[in-house]
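[1] what shape does this take:
(2 chains)
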Protein chains: 2
Amino acid sequence: MSVPMSPQTLEAALRRIGAERYHHLHPFHRALHDGQLDRGQIQAWALNRFYYQSRIPAKDAYLLARLPHPALRRLWRRRIEDHDGDVQPAGAEQDGGIARWLKLTDGLGLQRPYVVSTAGILPGTRHAVDAYVNFVRDVPLLEAIASSLTEMFSPDIISERVSGMLQHYGFVMPETLDYFLPRLTQAPKDVEFALGYVRANALTVEQQEAVQEALRFKCGVLWAQLDALDYAYVSPGNIPPGAFRP
Amino acid sequence: MSVPMSPQTLEAALRRIGAERYHHLHPFHRALHDGQLDRGQIQAWALNRFYYQSRIPAKDAYLLARLPHPALRRLWRRRIEDHDGDVQPAGAEQDGGIARWLKLTDGLGLQRPYVVSTAGILPGTRHAVDAYVNFVRDVPLLEAIASSLTEMFSPDIISERVSGMLQHYGFVMPETLDYFLPRLTQAPKDVEFALGYVRANALTVEQQEAVQEALRFKCGVLWAQLDALDYAYVSPGNIPPGAFRP
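    Numbering: from 1, shown residues only, chains lettered A, B, ... in the order given. Next comes the predicted model:
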């Protein structure tokens, strides 16, 4: 193709990537939501996914470092605030997404120091998450922003996850899933800016291919984490040395 | 020396570095505060220093990216908020330090788009500022934090600067100096955390030498910016091609 797409057509192309590559299609997620996993397998998912959560503010801070204007940085800074929480004027702390993820691992019976240490995560989790952080740090800003656009697809999967987990797993309490509900409103706000930026700035054929490739890369980051979990914890005998054993 | 210092002795050593190397001793700063510069020279100072101000949130975001806990990141995030400002609940924007620095360049009669473009700054300014941002991004976290400790020495110089500039330059209005007054309370808060961190974590002889070296490096970053200004704008005939001409 040698003629740039319109912003509308580019957005449709990006949404098609999600429809084809987002991890809602992964067998591990289908198993998680459909009630086919046991408590140990869900522990492994929550434990490994904690590492992803814990690195999101670093990823966003690297991106923040590269945004050229206060107004853009303010918008992106909200992502870090959502994840890290805040200190209220009276001195009380308001939990962010990371603290709420730890409520999930608490609720699943994992020891918090072990979770936070990330000592038990799979190497594949670490490699995938680190690749994402490094990608955002190192590629052109437009592609870094485009890589966040998997959030276009997250509200659906989150709704499905919450209802599926509450329905199928007696050991999952509603308050254990506190992480997910704020994401239903946070993610669309984040997408609004990032998608607008990509639509406005991916103007050449090369840029439009690059932002699609960035989104494909990010879908791969999410997908690879589930590959690692599925391999280690669904097929028997595959847990690597040093990793969490339910 | 082969025995680590106590935290108190280390702090005294850091303060001694400031007493010997902080840019309050630089002849350009002495000239600025003592009323020996003309309007064009002060324009050049404000124009070049804008680049430093504009890169501070990037520097702090790189550091933020490397802090491992939400509580630490919240404390460091305040620096970015101080510089970039915030959006109030009603939608109004609250100026940060960068916006207040632009009031200074406005008040000195510089065109804002020209200032923001940084097209007219000295290469030496750009090199020094970029070196600082890269240092914070790349060195061990302890040294990155230690490099911020020049703020231990800034309240004195700011008080002196504000009173000196108002006294000596009829073209400087009090509101033009809005940047500086918040720094008198912001800097000590920032120092409190950074100094506490360095005292608590620079425990070996090697670490203690490294944090001192980091502070020396940062004093050099500030010093070199004034060298460049002094050379270009106080000695005649030295303004490099492309740089601002008063």
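[2] roughly how far is the helix or strand of chain A with the lowest mean pLDDT from the heart of the chain?
    The weakest-scoring helix or strand in chain A, judged by mean pLDDT, DSSP states H and E, is strand A:93-94 (a mean of 74). Centroid separation between strand A:93-94 and its chain, computed with CA atoms, centre = their mean, to the nearest Å, is 22 Å.
[3] what does chain A put close to chain B?
    With CB under 8 Å from any CB of the partner chain as the criterion, chain A meets chain B at residues A:57-59, A:61-62, A:64-66, A:70-71, A:73-74, A:77, A:80-81, A:83-87, A:93, A:96, A:98-99, A:137. Placement of C-beta: from N, CA and C, glycine included.
[4] just to revisit the earlier point, what are the pairing partners of the least confident helix or strand of chain A, and which direction each?
    Paired neighbours of strand A:93-94 in the sheet (DSSP bridges): strand A:86-87 (antiparallel).
[5] state the mean pLDDT of the strand it pairs with.
    Strand A:86-87 carries an average pLDDT of 81.
[6] pull the distance from it to the chain's centre.
    22 Å.
[7] can you check stretch A:101-120 too?
    17 Å.
[8] what about that stretch, start to end distance?
    One end of stretch A:101-120 sits 16 Å from the other (CA to CA, to the nearest Å).
[9] what comes into contact with it?
    A:39, A:42-43, A:46-47, A:49-51, A:53-54, A:126, A:171-173, A:175-179, A:242-244 (CB atoms under 8 Å, 6 or more residues apart in numbering or on different chains).
[10] follow-up on the earlier one: need the buried ones from the residues of chain A next to chain B selected in ChimeraX.
    To isolate the buried members of those in ChimeraX, using 16 or more other CB atoms under 10 Å in any protein chain shown:
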select /A:57,58,59,61,62,64,65,66,70,73,74,77,80,81,83,84,85,96,98,99,137
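[11] mind checking which of the residues of chain A next to chain B land in strands?
    For the residues of chain A next to chain B, the ones inside strands are A:86-87, A:93, with DSSP state E as the criterion.
[12] I'd like these as JSON lines, with distance to B:Pro113 appended.
    Formatted as JSON lines, those follow (distance: CB to CB, whole Å):
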{"residue": "A:Asp86", "distance to B:Pro113": "35"}
{"residue": "A:Val87", "distance to B:Pro113": "37"}
{"residue": "A:Glu93", "distance to B:Pro113": "42"}
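[13] just the closest of these to chain B, please.
    Set against chain B, the nearest of those by CB to the nearest CB is A:Val87 (5.8 Å).
[14] quick one: average pLDDT of stretch A:198-218?
    On average, stretch A:198-218 scores 96.
[15] then it to PDB, C-alphas only?
    Extracted as PDB, the C-alpha positions of stretch A:198-218 are listed here (Å, rounded to 0.1, in the frame of the first residue of the first chain):
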ATOM      1  CA  VAL A 198      -2.200   8.200  17.100                       C
ATOM      2  CA  ARG A 199      -4.900   9.300  14.800                       C
ATOM      3  CA  ALA A 200      -3.500  12.800  14.700                       C
ATOM      4  CA  ASN A 201       0.100  11.900  14.300                       C
ATOM      5  CA  ALA A 202       0.400   8.600  12.300                       C
ATOM      6  CA  LEU A 203       0.000  10.300   8.900                       C
ATOM      7  CA  THR A 204       2.500   8.700   6.600                       C
ATOM      8  CA  VAL A 205       2.300   5.100   5.300                       C
ATOM      9  CA  GLU A 206       5.400   4.300   7.300                       C
ATOM     10  CA  GLN A 207       4.000   5.800  10.500                       C
ATOM     11  CA  GLN A 208       0.700   4.000  10.100                       C
ATOM     12  CA  GLU A 209       2.500   0.700   9.600                       C
ATOM     13  CA  ALA A 210       4.700   1.400  12.600                       C
ATOM     14  CA  VAL A 211       1.800   2.100  15.000                       C
ATOM     15  CA  GLN A 212       0.100  -1.100  13.800                       C
ATOM     16  CA  GLU A 213       3.300  -3.000  14.400                       C
ATOM     17  CA  ALA A 214       3.600  -1.400  17.900                       C
ATOM     18  CA  LEU A 215       0.100  -2.600  18.700                       C
ATOM     19  CA  ARG A 216       0.900  -6.100  17.400                       C
ATOM     20  CA  PHE A 217       4.000  -6.100  19.500                       C
ATOM     21  CA  LYS A 218       2.000  -5.200  22.600                       C
END
